[in-house]
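K.L.:
I would like to see how this sequence folds:
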Amino acid sequence: MLMRSFTKREKIILLVLVVFLLVGFYFLVIHYPVTTRLEEIESEKLMVEDQTNLAITKGQVYVKMKNELNEIFALPFDKITVMPIYDNQTQLLFNYQTIFEDLAPDLRLGDVKIEGNIATRTVTFTVTVADFEAAKDFIKKLTGTGFRCLLQNITVTPEQSGSDSGSLENGALRLTGNIIFYELVTSGGNK
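P.N.:
Residues are numbered from 1 along each chain as shown. The predicted structure is shown next:
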């Protein structure tokens, strides 16, 4: 029957086979699943760290933007500017009529340049005002339209009349310069 006794060699072979089976069972059931799960956990940990860093960065940007908005809204109402939706030419022309009334200006409207979602409209002007106070008032009106703008390349020269060489303190002044108005281009705002 099966009650036969194994030889020493068979016992060693069976023992080696059992050891191989136990080692194989250990690697198959314990080692590989555990190392695979540890690698997954490490990968998830790195992903969560990346998401955390991104959230921290977004939070810092949000706080910075909120502080900038608070600074803007703390300004007096007449100092707050907006970027109107493109094409704002009609409103700008209305403002020009108010600003340049009775001054007989030389206005040259530049082409509109669109980069991304920002349109820039350049206006070059030459105008003669009565005196220095009128020049300050004119510049205040020009930059105080409530629209986002940048006044650049302004030149103030005394207007010469006859033999009088003119001066900046008294007498008429000629203002020459350009101002850039900014407008927001939206997907539905293009014409």
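K.L.:
check which residues of the host helix or strand of Ile179 are buried.
P.N.:
Using DSSP states H and E, Ile179 sits in strand 173-184. Across strand 173-184, burial judged by 16 or more other C-beta atoms under 10 Å covers 173-175, 177, 179, 181-183. C-betas here are computed from N, CA, C, even on glycine.
K.L.:
which one of the residues you listed is nearest Leu93?
P.N.:
Nearest to Leu93 among these: Phe181, at 11.3 Å, using C-beta to C-beta.
K.L.:
I'd guessed that closest one sits against Lys113; true?
P.N.:
No - with contacts counted by C-beta atoms under 8 Å, Phe181 stays clear of Lys113, the gap being 11.4 Å.
K.L.:
packing partners of the worst-scoring helix or strand of the chain on mean pLDDT?
P.N.:
Within the chain, confidence by mean pLDDT, DSSP states H and E is lowest for helix 89-99 among all helices and strands, at a mean of 77. Under the contact definition 3 or more C-beta pairs under 8 Å, 6 or more residues apart in numbering; DSSP states H and E, helix 89-99 sits against strand 118-129, helix 132-143.
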